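# Structure for the following, please:
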Amino acid sequence: MVSIEWLKETELFKGLKEDQLKTLLLLSAAQSFPEGKTIFNQGGEAAHLYILIQGSVDLTVKAQEQIDFMTSKIEKEGAVFGTAALMESYRYNVTATCLKPSKVLIIEADPLRRAMEKDPEMGMEVMRKLATIYFNRLNELRSGVSNLLKIFKIKMP
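From the prediction side, this is the model:
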């Protein structure tokens, strides 16, 4: 089991009050996964939000050609993934697979969303952090695409 002290240092829940963190702990459980285990699949119902405790998780997208390509690797303790659980249509837009044995905190999405609606201050803070996380990941993706274009000497129109 994780502690309130650990939870308040995670990227999504940093800055929340102790009573808000206690609520989150009641909705969560730690689970271990072996290397190669798929935690969730692209297109599946986003019933849980995940926070990495230890290990490494690969997030991939299946392209139209049915080719998997990596979009992000989650390796930092306290990093969040499965964030589609907080956004309508509540469907995962990536597949999460363990690159090595990993332990994650799993938070039930429905009760989490209800708690955020019941406590708008908590809901606003979580969504503010989520927007920052997405902004940073978008910038990382842009940087990666820019580097690929440079490597292959492709000019943008």
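# And stretch 112-121, what's buried?
Neighbour counts over stretch 112-121 (16 or more other Cβ atoms under 10 Å) mark 112, 113, 115, 116, 119 as buried. The C-beta positions use only the backbone N, C-alpha and C, and glycine is treated the same way.
# Next one: the last one from residue 21, what distance?
As defined by Cβ to Cβ, to the nearest Å, residue 119 lies at a distance of 12 Å from residue 21.
# One more: the fourth one?
Applying Cβ to Cβ, the value for residue 116 to residue 21 is 13 Å.
# got it, and residue 150?
43 Å.
# neighbour count winner among the two?
residue 21 (19 against 9; other Cβ atoms under 10 Å).
# check contacts around the more buried one.
Residues near residue 21 by Cβ atoms under 8 Å, 6 or more residues apart in numbering: 4, 7, 8, 13.
# Give me the buried entries from those residues.
For the contacts of residue 21, buried by 16+ other Cβ under 10 Å: 4, 7, 8, 13.
# Can you lay out the residues you listed as CSV showing pLDDT and secondary structure?
Formatted as CSV, the buried ones among the contacts of residue 21 follow (pLDDT from 0 to 100; DSSP: H, G, I helix; E, B strand; the rest coil):
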residue, pLDDT, secondary structure
4, 95, helix
7, 96, helix
8, 94, coil
13, 97, coil
